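A.B. asks: Sequence first, predicted model second:
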Amino acid sequence: MDNQNQQSNDELRGSNIPPIDTDTPPPMETTIEPHNEHKPVGPAIGTIIIVIILIIGGFYLWGSKIDKQVGGLIDSSKSAEDIVAEPDTATENLNQQSNSDEIDAIANDLNNTDLTNLDQELQNIDSELGI
């Protein structure tokens, strides 16, 4: 019977087409199952540690650069107590004004008050901060 099927198939298809093999089953569909492999976490942890070390090193270099810039502006030889204890000429001059409310005394106090370097401390602060 196989012979008859093959002859009828040959007649229907023509002589150039190879015969269909009916003895072999059709190929089955294969499904790819996902692999449950555990990926190593060592390289990821190593990379994170290296990045953290680089960030800390960058902050260290940045801090030392700022330290060098500001270090020349700040006089570290004086303590806070020494600075407070220094006489302030502007404050002393303001304390020497009269207590009179007469117009001539007030005019005299205004003429004797030196306001030329009033904002000198603000300029010093700006230069220390680099503004």
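C.D. replies: Received the coordinates, thanks. Numbering: from 1, shown residues only.
A.B. asks: make it CA atoms for all contacts and neighbour counts henceforth
C.D. replies: Noted.
A.B. asks: which of the residues in the helix or strand where Glu121 lies are buried?
C.D. replies: Taking DSSP states H and E as the definition, one finds Glu121 inside helix 120-129. Across helix 120-129, burial judged by 16 or more other Cα atoms under 10 Å covers no residue at all.
A.B. asks: and the gap between Asp114 and Val84?
C.D. replies: Asp114 sits 22 Å away from Val84, going by Cα to Cα, to the nearest Å.
A.B. asks: Just name the shakiest helix or strand of this protein by mean pLDDT.
C.D. replies: Least confident element among the helices and strands of the chain, by mean pLDDT, DSSP states H and E: helix 2-13 (a mean of 54).
A.B. asks: Report all helices and strands that the next helix or strand after it contacts.
C.D. replies: For helix 2-13, the following helix or strand on the C-terminal side (DSSP H and E) is helix 42-71. Of the remaining helices and strands, none touches helix 42-71 by 3 or more Cα pairs under 8 Å, 6 or more residues apart in numbering; DSSP states H and E.
A.B. asks: Give the burial count for Asn108, as a bare number.
C.D. replies: By the criterion of other Cα atoms under 10 Å, Asn108 has 13 neighbours.
A.B. asks: what bits of the chain have low per-residue confidence?
C.D. replies: 1-37, 71-76, 131 (pLDDT under 70).
A.B. asks: about what we covered before: how far off helix 42-71 does the helix holding Glu121 point, in degrees?
C.D. replies: Compare the direction of helix 120-129 with that of helix 42-71 by axes from the mean of the first three to the mean of the last three Cα atoms, to 10 degrees and you get 150 degrees.
A.B. asks: Tell me the helices and strands packed up against helix 120-129.
C.D. replies: By 3+ Cα pairs under 8 Å, 6+ apart, helix 120-129 packs against no helix or strand.
A.B. asks: Go ahead and produce PDB holding the CA coordinates of that helix.
C.D. replies: C-alpha atoms of helix 120-129 as PDB (Å, rounded to 0.1, in the frame of the first residue of the first chain):
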ATOM      1  CA  GLN A 120      35.800  96.800  55.000                       C
ATOM      2  CA  GLU A 121      34.900  93.700  57.000                       C
ATOM      3  CA  LEU A 122      32.300  92.700  54.400                       C
ATOM      4  CA  GLN A 123      34.800  93.000  51.600                       C
ATOM      5  CA  ASN A 124      37.200  90.800  53.700                       C
ATOM      6  CA  ILE A 125      34.500  88.200  54.100                       C
ATOM      7  CA  ASP A 126      33.800  88.200  50.400                       C
ATOM      8  CA  SER A 127      37.400  87.700  49.500                       C
ATOM      9  CA  GLU A 128      37.700  84.900  52.000                       C
ATOM     10  CA  LEU A 129      34.800  83.100  50.500                       C
END
